[in-house]
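Trainee: Fold the following and give me the result.
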Amino acid sequence: MQFEQVFTSAIEAGVAVAGFSGIVAVLGRRAEGQWIPTDRLRVTLLLQTSFAAIGLSFLALALDGAGVAEPTIWKVGSACYVLYAVLAVLSRVRLLRTIRNVDPAFPPTLAKGLIVVVISVATLQADNVVALGVGWPFVLAVIFELVVALAVFVRLLQGAWSQPAA
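Mentor: Take a look at the predicted model:
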């Protein structure tokens, strides 16, 4: 499998980002127990995306180690991503509603855009299951999850050093 190094690196990056979320949690307002709803949303999103990248990468490596043919690896991985995406979108919509009820000033545009991109990536994965059976769409999904995790991590760090609204 030519993507073995990519998945190993994805696992390492996912574990690092998830681990660093603990550091973020003790910085700034969070250390004093002053969590704002948007930070809860970000931490949840960070952990979801990090663990998704880790799990999907482990899945591909485990299937390869078991001697499963590559087209089957990609189809199984893509099918698992579709399942994850459905569950993640449902969870994120519920979180957005909660945040909107608690913090009416929260701008949901970026979160809604992220949901649209997740649905788009899941649609590509569904096509991979049905027709393509190739590696690049699955690798794209794993990389997408890592990019989201890293972007959320950066946003959490920015929020850790910003002053709370008075």
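
Trainee: Skipping adjacent residues, who's closest to Val86 in space?
Mentor: Nearest residue to Val86, sequence neighbours excluded (Cβ to Cβ, 6 or more residues apart in numbering): Ala122, at 7.3 Å. C-beta: built from backbone N, CA, C; applies to glycine.

Trainee: Around the one you found, count how many other residues there are.
Mentor: 20 (other Cβ atoms under 10 Å).

Trainee: which stretches of this structure aren't confidently modelled?
Mentor: 1-11, 13-37, 102-108, 158-166 (pLDDT under 70).

Trainee: What segments of this protein are helices?
Mentor: Listed in chain order, the helices of the chain (DSSP state H) span 4-25, 28-31, 37-65, 70-102, 109-127, 135-161.

Trainee: Enumerate every residue touching Trp74.
Mentor: Asn128, Leu132, Gly133, Val134, Gly135, Pro137, Phe138 (Cβ atoms under 8 Å, 6 or more residues apart in numbering).

Trainee: Which of the residues you listed sits closest to Gln48?
Mentor: Distances from Gln48 to those, taken as Cβ to Cβ, are shortest for Phe138 (18.0 Å).

Trainee: Could you measure from that closest one over to Val154?
Mentor: 25 Å (Cβ to Cβ, to the nearest Å).

Trainee: Keeping just the C-alphas, turn stretch 145-154 into CSV.
Mentor: What follows is stretch 145-154 as a C-alpha-only set of coordinates in CSV (Å, rounded to 0.1, in the frame of the first residue of the first chain):
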residue,chain,number,x,y,z
GLU,A,145,-10.2,15.9,9.1
LEU,A,146,-6.6,16.8,10.2
VAL,A,147,-6.8,20.2,8.6
VAL,A,148,-10.0,21.0,10.4
ALA,A,149,-8.5,19.8,13.7
LEU,A,150,-5.4,22.0,13.2
ALA,A,151,-7.5,25.0,12.3
VAL,A,152,-9.7,24.6,15.3
PHE,A,153,-6.6,24.1,17.5
VAL,A,154,-5.2,27.4,16.2
